[in-house]
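>>> Got a sequence here, can you model it:
(chains A, B, C and D)
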There are 2 protein chains.
Amino acid sequence: MTEVAQIGPAQQNRDRIARRQQDKFAERRAQLAAAALQTLAEQGYARTSLRDIAQNSEFSHGVLHYYFSDKTELITYCVRQYKAECVTRYDNIVATATSAAELRQGFGAAMAATLVDEATLHRLWYDLRNQSLFDDSYRADVTEIDQSLERMIWRIVSKFAELAEAPLAVSSGPAYAVFDGLFQQALIRHLAGQAGAARDLDENVQRVLDALTVRG
Amino acid sequence: MTEVAQIGPAQQNRDRIARRQQDKFAERRAQLAAAALQTLAEQGYARTSLRDIAQNSEFSHGVLHYYFSDKTELITYCVRQYKAECVTRYDNIVATATSAAELRQGFGAAMAATLVDEATLHRLWYDLRNQSLFDDSYRADVTEIDQSLERMIWRIVSKFAELAEAPLAVSSGPAYAVFDGLFQQALIRHLAGQAGAARDLDENVQRVLDALTVRG
DNA sequence: CGCGTATCTTGACAACTGTCAAGACTTTCT
DNA sequence: AGAAAGTCTTGACAGTTGTCAAGATACGCG
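Predicted coordinates for the structure are as follows:
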């Protein structure tokens, strides 16, 4: 049985304050996680300490253990925050495209733009995804993000096949794997300073998307 | 001017011994590097210390600095040793295949076999390749290996197109990226305990190889 | 105001890291 | 056999790491 109807104004007030404090708590967690994400993206998982992260925020290193029980919990929270920023970007391409060619071009351009705009963040993503192959702590969250990325790619690819009225040669899993491979290789070259990496990625993504739809 | 003709038996003897010692030195380096590779493949770059590596060999931790000046030099040497083991495997498939279908099946089977037989070693490879995106020390060696892998894949793919008498939709770089992506995704699933990962990889590799050749 | 709670800093801890030097042991040469 | 060079172990060092506790500071309440 609930006691919602029984609480008085004092209790309500206390709850309101508790909620405000919870919000502030959550807000600071997000703030610290943002500093952590930035530091991790710059230095990589292996070389980032909690003191490094705190130095990239406006707080001292002790505060991290006030908001996160553990280094693992902090990084897990970061990984989740990354997902929130990352996945939602591509869906409007699917929503607005009216032809296969338009969708194909939009997809290529979006991949190339992501490569340039968020190179270090994706470098971190691949770092953490690899880390999860050694350390069980991150595996669940990483897998969840990877699956949501797979679904995102699949929405694009299947929509493209629908617009092109051509069946696909592969299913969701390998489709994601293929474009992820293209992006990762482009990221390596882009970070190595290769000038045309984004342009090449754009072109290659469009070519492979075409190739994955069965013609004839 | 050389003095080859001038050296006497004593000098020759000294040289022979020096060479024998060099060989022993190189042999022990390889032995220690093997222990390092095993340890790194098990624990990952971030969690592997020199003492861990020494404990996986029959020596104490101090000897590592007798054979390697640096942790960086040790790992660089490991990366090179990995390359020697890895790249040469696929070429006999290209050499022996007489039809496109045979080559396609051989390629898929070889990828699947590699996935099962050397899962942890390739997990390490991806770890180190990512590390090179943060740490310049490894970049040159990693890039060299990546390029030699790309050439290896290209020998297979271009030979397939030749046998199938069909032009390819992509060039060397994206071809490697695509199959590398397929392998990496399969590796994640295989290491997560997913039973059919190798079989799926075999099938997907063959499908994508077909899709990359222009039909009609 | 004064009290209690929430937040944050400081300093410390034990463990671990890469590195190195001193010396013991082994092998090789004379 | 004795000397010399090569090989390996041990123990130590300075620095870093995650973690935590004690206390300082800020804040909201009666």
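>>> give me the number of residues near A:Thr143?
A total of 15 residues lie near A:Thr143 under the criterion other C-beta atoms under 10 Å in any protein chain shown. All C-beta atoms are positioned from the backbone trio N, CA, C, and that covers glycine.
>>> And A:Gln194, by the same measure?
12.
>>> Helix, strand, or coil at it?
Following DSSP: H, G, I helix; E, B strand; the rest coil, we place A:Gln194 in the coil state.
>>> Before we move on, what's the pLDDT of it?
Reported pLDDT at A:Gln194 in the predicted model: 96.
>>> A:Glu3 too?
On the pLDDT scale, A:Glu3 is placed at 39.
>>> again, but for A:Ala84
A:Ala84 is assigned a pLDDT of 84 by the prediction.
>>> what are the phi and psi angles of it?
Per-residue torsions, A:Ala84: phi -60, psi -40 (degrees, to the nearest 10).
>>> do the same with A:Leu168
Main-chain torsions, A:Leu168, degrees, to the nearest 10: phi -100, psi 150.
>>> Pull the number of nearby residues for it.
By other C-beta under 10 Å, 21 other residues sit near A:Leu168.
>>> That one is in contact with A:Val214, isn't it?
Yes: counting by C-beta atoms under 8 Å, A:Leu168 touches A:Val214, with 7.0 Å between them.
>>> Just the pLDDT for the residue of chain A found nearest DNA strand D.
Residue nearest to DNA strand D within chain A (C-beta to the nearest atom of the strand): A:Ser49, separated by 3.2 Å. Looking at A:Ser49, its pLDDT stands at 98.
>>> Tell me the residues of chain A that contact DNA strand D?
A:10, A:13, A:17, A:47-52, A:61-62, A:64-65, A:69-72 (C-beta under 7 Å from any atom of the strand).
>>> mind checking how far A:Leu128 is from B:His122?
According to C-beta to C-beta, to the nearest Å, A:Leu128 stands 18 Å off from B:His122.
>>> circling back to that earlier point, which of the residues of chain A next to DNA strand D count as buried?
Listed as buried from the residues of chain A next to DNA strand D are A:Thr48, A:Leu50, A:Asp52, A:Leu64, A:Lys71; burial here means 16 or more other C-beta atoms under 10 Å in any protein chain shown.
>>> can you list the residues of chain A near DNA strand C?
Residues of chain A lying near DNA strand C by C-beta under 7 Å from any atom of the strand: A:Gln21, A:Lys24, A:Phe25, A:Arg28, A:Glu58, A:Phe59, A:Ser60, A:His61, A:Gly62, A:Val63, A:Tyr66, A:Tyr67.
>>> Among those residues, name the ones in helices.
Among the residues of chain A next to DNA strand C, the members falling in helices (DSSP state H) are A:Gln21, A:Lys24, A:Phe25, A:Arg28, A:Tyr66, A:Tyr67.
>>> Confidence-wise, which of the residues you listed comes last?
Checking pLDDT across those, the minimum falls on A:Gln21 at 69.
>>> for the helix or strand A:Gly108 falls within, packing partners?
Per DSSP states H and E, A:Gly108 falls inside helix A:100-117. Helices and strands touching helix A:100-117, as assessed by 3 or more C-beta pairs under 8 Å, 6 or more residues apart in numbering or on different chains; DSSP states H and E, comprise helix A:91-96, helix A:139-164, helix A:172-191, helix A:197-212.
>>> Quick one: closest of the ones you listed to chain B.
Evaluated over these, closeness to chain B peaks at helix A:172-191, with 1.9 Å, by C-beta to the nearest C-beta.
>>> Would you agree A:Trp134 is in contact with B:Gln43?
Let me fix one detail, which is that residue A:134 is Phe and not Trp. Yes: between A:Phe134 and B:Gln43 there is a contact under C-beta under 8 Å: 6.5 Å.
>>> Compare these two (neighbour count), which wins?
Between A:Phe134 and B:Gln43, counting by other C-beta under 10 Å, A:Phe134 is the more crowded of the two (23 against 18).
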